[in-house]
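Novice: give me coordinates for this.
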Amino acid sequence: MKALHIITGLGVGGAEQQLRLLLRHLPVDCDVVTLTNPGPVAEGLLADGVHVVHLGMTGNRDLAALPRLARLIRTGGYDLVHTHLYRACLYGRIAARLAGVRAVVATEHSLGDSQMEGRPLTPGVRALYLAGERLGSATVAVSPTVADRLQRWGVPAPRIEVVPNGIDLARFRFDPVRRLRTRRRLGLPEGAYVVGGVGRLAAAKRFDVLVRALALLPPDCWLLLVGGGPEEHLLRRTAREAGVADRVLLTGERPCLPDGSPGPDLPALAAAMDVLASPSPEEAFGLAAVEGLASGLPVLYASCPAIEDLPPEAAPTARRVTGGAAEFARALAETRASHGPVPGMRTAPEAARHYCVTRSAARLMDVYATALTRPLTPPAPPPPPPSPSPSPASQGVTPA
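Specialist: Residues are numbered from 1 along each chain as shown. All right, here's what the predicted structure looks like:
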């Protein structure tokens, strides 16, 4: 089987990194097309030996990209097209049908109750999404919660397949030596209790709640935020105003040490933490929380379908927290009292093992097999494109 994955961009993000991880475990010959922004994940895919093409879209209304994409699909001889993220799902499904591909699968990575990938769920967004969805063979939801949301939107249940995000358990296995080295490289005081947060620094993630919670905790508590985004400067200002700027570490998208040299990767940073907190009130899966569990961390979360969809005993160290800074500060203090710093060995609970990437890859292969056996229906007229938005310039990836 030969498959083409089409994604909106390949900057640092959960969907983008999940694609890279899946391609390492799918027994399929795969290429990747990114419509815009061939960023760090594109570099990682190239290092993995995956052929990556940058289509060079200039915005949501760049209709000239559609025939280019259809031609690329047709000449590639692909058996299946798999799309990821809103814009790629819309253009990718249309182009795949124009190219006559037998099977078109789309993964819905980020559908919340009120937004999708940060955009408000207006009637227009919903209508356009449903029009494009009808052109595919199957829609993959990353959690039963997302599957329920899709059904409420009007996607027929038989077209929805649940394939959870996967994690590399071996990569996140706790290593006390790595913990010690990472904490020293980050300049953390010996004995510091480290609260971790992982994700894009955007308003929807509510990391400001953790900054303000830190101000309510003892002075030996630190906050380690892993990720980059538009709210970074606001978080730094909030930390200054709260008087905790000297106890907040922000790594940026590609973690670096104070001298600018490359820093530790995410599993090493997770090992340096004592608890992971996720105050985001609306998640489609909750990958950061599951990765925290895989590292043996206690986890506090406001929303995490990946945990909530499992029996409570699967994640005994996970706890849902509702409210703001005061509630998170109280929960963090209680977690510290019950768990304390964990410099010894930590083990992953059943919830983390449930989301092993090899299991997710096997389930996705079942979706592919089913999609390839379903007959194609005549393609519907292409829906109008979404509203325009700026697109980053091309960087070092094969242009279309």
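
Novice: could you list the domains of the chain?
Specialist: 2-166+356-399, 169-354 (automatic domain parsing).

Novice: pLDDT on the first one, on average?
Specialist: Going back to what we said before, that points to domain 2-166+356-399. For domain 2-166+356-399, the mean pLDDT works out to 86.

Novice: where along the stretch 51-200 of the chain do the helices fall?
Specialist: Under the criterion DSSP state H, counting those that start in this stretch, the stretch 51-200 of the chain contains helices at 65-76, 86-98, 123-133, 144-153, 169-172, 176-186.

Novice: looking at the ones you listed, which one is packed in the most?
Specialist: helix 86-98 (a mean of 26; mean count of other Cβ atoms under 10 Å). All C-beta spots, glycine's among them, are computed from the backbone N, C-alpha and C.

Novice: got the contact list for L169?
Specialist: 294, 348, 352-353, 356-357 (Cβ atoms under 8 Å, 6 or more residues apart in numbering).

Novice: what's the PyMOL line that selects buried ones from these?
Specialist: With 16 or more other Cβ atoms under 10 Å as the criterion, this PyMOL line picks the buried residues out of the contacts of L169:
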select buried, resi 294+348+352+356+357
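
Novice: hmm, L217 and A333 touching each other?
Specialist: Yes - A333 is within contact range of L217, at 6.5 Å (criterion: Cβ atoms under 8 Å).

Novice: give me the more crowded residue out of these two.
Specialist: The neighbour count for A333 versus L217, taken as other Cβ atoms under 10 Å, is higher for L217 (20 against 16).

Novice: and for that one, nearest residue in space, chain neighbours not counted?
Specialist: The shortest distance from L217 to any non-neighbouring residue, by Cβ to Cβ, 6 or more residues apart in numbering, is to A329 (5.8 Å).

Novice: verify the stated contact: that neighbour with V209.
Specialist: No - contact between A329 and V209 fails when scored by Cβ under 8 Å: they sit 9.3 Å apart.

Novice: sort out which residues of the longest helix along the chain are buried, please.
Specialist: Longest helix of the chain, by residue count under DSSP state H: helix 357-373. For helix 357-373, the neighbour count (16+ other Cβ under 10 Å) marks 357, 360-361, 364-365, 367-368, 371 as buried.

Novice: and for stretch 48-60?
Specialist: Neighbour counts over stretch 48-60 (16+ other Cβ under 10 Å) mark 50, 52-57, 60 as buried.

Novice: I'd like those laid out as TSV, including distance to A103.
Specialist: TSV is the format used below for these (distance: Cβ to Cβ, whole Å):
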residue	distance to A103
V50	20
V52	22
V53	20
H54	24
L55	21
G56	26
M57	24
N60	26
